[in-house]
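Novice: Give me a 3D structure for the following:
(one chain, ligands or ions: 1)
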Amino acid sequence: MSQMTPANGTDIRVRFCPSPTGNPHVGMIRTALFNWAFARHVGGTFVFRIEDTDAARDTQESYLALLESLRWLGLDWDEGPEVGGAYGPYRQSERGDIYADVAQRLLDAGHAYECFCTAEELEAQREAARAAGKAPGYDRTCRYLDHAARDARRTEGRPAVLRFAMPDQDWEWDDMVRGPMRFGREHVPDYVIRRVNGDPLYTLVNPVDDALMRITHVLRGEDLLSSTPRQLAMYEALADIGVGDGVTPRFGHLPYVMGEGNRKLSKRDPESSLAMYRELGYLPEGLLNYLALLGWSPGDDREFFDLTEMARLFEISRVNASPARFDLKKCTAINGDWIRTLSRPELIERILPFLQDADLVADSVTALQRSILDEAVPLIAERLEVLSQAVGMLGFLLVDDADFVVEPEQEEVLAQPESQEVVAASLSALRALEDWDGEAIQMVLRTALVDGLGRKPKHAFGPVRIAITGRRVSPPLFESMAILGRDRCLARLEAAQRQVG
Ligand code: GLU
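Specialist: Numbers count the residues shown, from 1 in each chain. So this is what the prediction gives:
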């Protein structure tokens, strides 16, 4: 079987070709990322194609979400929607005439045939194969119909699908990830390429577009492994009828991603949803960094790198064939490390939309809010793993005083007599304090609570923290109090004092 390897470098063309159904998920993004990195590594072309020939399942909303997601992630494409290119259009829904023409030519050349078998007949065939202990698959009844028999079925008005006529041979390829692969002919039956209603199927449109778009390397998920022998055969047929340039792409199948409980991560698992990562405030840099590690590594122990570095280092030979485990904790930790690479102004810019969504910051940020953020964001950067956590951590500084509330569980702590003693002592100490800065606050509180009340530091400041921040855990207390300012701090302690009851 012929399998030419195209030239190196700029001739290399890869594609990411999702179907726009549902929401973008991480498995899909991993595939996009690996194709992108491969193309960038070799200076090739990254084609983005939309496989939207299934009108019943594809949606415009999902199409737009795909584009927007790739843009958000920074995975730029060289050809595709909104960008154009020499082989467009890049939405399969706009390429119907091409598929109709290719299907007809495959039929005319004998690479495809009409199949009139009904669902019941097909079921009976499957039964018979099972009973005979043979691999299931179409028994080729219609492939060998003579003209008369075919005409008779047409005259009866029997609807026909179009089936591809598989050549009688076994199929082999050298998978870029998995090494030598082989499928016996019995496992690759004649398959449907066009529905009764004339709609072309994935089995046709995907290899046709790969051929027409001069795709040289196909990197895709392992779930598509069994499509490859069919597509190898289709390529040969397409070359025979002059569709494309006759080059069969090289195939590489990316390993499965395993989720909880050692089963495949499913699109429906919450940790699959790209939207979830965006809502929680993962950085595109952090998420991509983690997804890169699902089956690939730079070759040393390094687990922290950006897209440019990944593109520089990405060798397909380093993609691992064994399943990758999806570890949300690790993904989150890497994201936290990414957050800590951001400069203060950059981190503030990224946090702002979350604070605005939570109505803590006005759409046009006020000078006061800006100065609070300037001072407070460095206090939380160390502990931030995802941007949305900033809402909880900074809320007490930004919230209107009228809206400030203590968390219900902390109310109870605050109401205890020991807490009330702390609050009262803090109030009198702080009222007397002239220089309102973190160090001075710490000093007078320490004197009043640790020395004065004889509390252990651990217990001394808890009630103050609750009164000031409303929470048990907060950014560093004394600095926070300095930022919040004298009046607001005293007012909150006074409010806390009135909560006895
Ligand atoms: N549209 C197909 C999918 O989303 C593409 C598969 C392929 O890469 O060949 O599964």
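Novice: any idea how far the closest residue to the ligand within the stretch 151-300 of the chain lies from T31?
Specialist: Nearest residue of the stretch 151-300 of the chain to the ligand: R220, at 3.5 Å (Cβ to the nearest ligand atom). Where you see a C-beta, it was placed from the backbone N, CA and C, and this is true even at glycine. Relative to T31, R220 is positioned 6 Å away (Cβ to Cβ, to the nearest Å).
Novice: For the residue of the stretch 151-300 of the chain closest to the ligand, which residues count as its bridge partners?
Specialist: R220 has the following beta-bridge partners by DSSP bridges: H253.
Novice: which residues does it contact?
Specialist: By Cβ atoms under 8 Å, 6 or more residues apart in numbering, R220 lies in contact with T31, F251, G252, H253, L254.
Novice: how about 10 Å then?
Specialist: Listed by Cβ atoms under 10 Å, 6 or more residues apart in numbering, the contact set of R220 reads 14-17, 31, 34-35, 206, 227-228, 251-254.
Novice: how about these in a markdown table, adding pLDDT?
Specialist: Below are those laid out as a markdown table (pLDDT from 0 to 100):
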| residue | pLDDT |
| --- | --- |
| V14 | 98 |
| R15 | 98 |
| F16 | 98 |
| C17 | 98 |
| T31 | 98 |
| F34 | 98 |
| N35 | 98 |
| N206 | 98 |
| S227 | 97 |
| T228 | 98 |
| F251 | 98 |
| G252 | 98 |
| H253 | 98 |
| L254 | 98 |
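Novice: Which ones among these lie within strands?
Specialist: Under the assignment DSSP state E, the contacts of R220 contribute V14, R15, F16, F251, G252, H253, L254 to strands.
Novice: can you narrow these to ones near the ligand?
Specialist: Among those, none lies close to the ligand by the criterion of Cβ under 6 Å from any ligand atom.
Novice: Name the nearest of the residues you listed relative to D359.
Specialist: D359 has its nearest neighbour among those in F16, at 37.4 Å by Cβ to Cβ.
Novice: How about the helix ranked longest in the chain and the ligand, touching?
Specialist: What stands out as the longest helix in the chain, according to DSSP state H, is helix 26-42. No: Helix 26-42 stays clear of the ligand (Cβ under 6 Å from any ligand atom), getting no nearer than 7.1 Å.
Novice: Alpha carbons of that helix, in CSV - could you do that?
Specialist: C-alpha atoms of helix 26-42 as CSV (Å, rounded to 0.1, in the frame of the first residue of the first chain):
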residue,chain,number,x,y,z
VAL,A,26,-10.8,19.7,26.9
GLY,A,27,-10.2,16.6,24.8
MET,A,28,-11.0,18.7,21.7
ILE,A,29,-8.7,21.5,22.8
ARG,A,30,-5.9,19.0,23.5
THR,A,31,-6.2,17.9,19.8
ALA,A,32,-6.2,21.5,18.6
LEU,A,33,-3.2,22.3,20.8
PHE,A,34,-1.1,19.3,19.5
ASN,A,35,-1.9,20.1,15.9
TRP,A,36,-1.1,23.8,16.5
ALA,A,37,2.2,23.0,18.2
PHE,A,38,3.2,20.5,15.5
ALA,A,39,2.4,23.0,12.7
ARG,A,40,4.3,25.8,14.5
HIS,A,41,7.2,23.6,15.3
VAL,A,42,7.9,22.7,11.7
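Novice: What residues of it count as buried?
Specialist: 26-42 (16 or more other Cβ atoms under 10 Å).
Novice: for the following helix or strand past it, the distance to its chain's centre please.
Specialist: Per DSSP states H and E, the first helix or strand lying C-terminal to helix 26-42 is strand 45-48. Offset of strand 45-48 from its chain centre (Cα atoms, centre = their mean, to the nearest Å): 18 Å.
Novice: name the helices or strands packed onto the following helix or strand past strand 45-48?
Specialist: Toward the C-terminus, strand 45-48 is succeeded by helix 60-73 as the next helix or strand (DSSP H and E). With contacts taken as 3 or more Cβ pairs under 10 Å, 6 or more residues apart in numbering; DSSP states H and E, helix 60-73 sits against helix 26-42, strand 45-48, helix 274-280, helix 284-292.
Novice: Including distance to P200, could these go into CSV?
Specialist: Output for these, formatted as CSV (distance: least, Cβ to Cβ, whole Å):
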stretch, distance to P200
helix 26-42, 22
strand 45-48, 19
helix 274-280, 29
helix 284-292, 32
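Novice: residues in the chain within reach of the ligand, list them.
Specialist: For the chain, the residues in contact with the ligand (Cβ under 6 Å from any ligand atom) are C17, P18, S19, E51, N206, R220, L224.
Novice: Let me see the contact set for D359.
Specialist: V391, L398, V399, D400, D403.
Novice: among those residues, which are in helices?
Specialist: If you go by DSSP H, the contacts of D359 have V391, L398 in helices.
Novice: which one of the contacts of D359 sits closest to the ligand?
Specialist: Lowest distance from the ligand to the contacts of D359 (Cβ to the nearest ligand atom) belongs to V391, with 35.1 Å.
Novice: Neighbours of the closest one, how many?
Specialist: Per other Cβ atoms under 10 Å, the neighbour tally for V391 reads 18.
Novice: Now the common contact residues for R220 and T31.
Specialist: Common neighbours of R220 and T31, counting by Cβ under 10 Å, 6+ apart, are F16, C17, L254.
Novice: Buried residues in stretch 114-129, which are they?
Specialist: So, applying 16+ other Cβ under 10 Å, buried residues of stretch 114-129: E114, C115, F116, C117, Q125, A129.
Novice: can I get the CA coordinates of that stretch in CSV?
Specialist: Only the C-alpha atoms of stretch 114-129 are listed here, as CSV (Å, rounded to 0.1, in the frame of the first residue of the first chain):
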residue,chain,number,x,y,z
GLU,A,114,-25.7,2.0,-4.1
CYS,A,115,-26.9,-0.2,-1.3
PHE,A,116,-30.6,-0.8,-1.0
CYS,A,117,-30.6,-3.1,2.0
THR,A,118,-33.2,-2.2,4.6
ALA,A,119,-32.6,-1.9,8.3
GLU,A,120,-34.2,-5.3,8.8
GLU,A,121,-32.0,-6.9,6.2
LEU,A,122,-28.9,-5.4,7.8
GLU,A,123,-30.0,-6.7,11.2
ALA,A,124,-30.4,-10.1,9.7
GLN,A,125,-27.0,-10.0,8.3
ARG,A,126,-25.5,-9.0,11.6
GLU,A,127,-27.3,-11.9,13.2
ALA,A,128,-26.0,-14.3,10.6
ALA,A,129,-22.4,-13.0,11.1
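Novice: to the chain's geometric centre, what's the distance from it?
Specialist: Distance, centroid of stretch 114-129 to centroid of chain: 39 Å (Cα atoms, centre = their mean).
Novice: what residues does it touch?
Specialist: Taking Cβ under 10 Å, 6+ apart as the rule, stretch 114-129 contacts 107, 134-143, 145, 149-150, 152-154, 156, 158-163, 189-190, 192, 194, 196.
Novice: List buried residues within those.
Specialist: Neighbour-count burial (16+ other Cβ under 10 Å) applied to the contacts of stretch 114-129 gives 107, 137-140, 142-143, 145, 150, 153, 160-163, 189-190, 192, 194.
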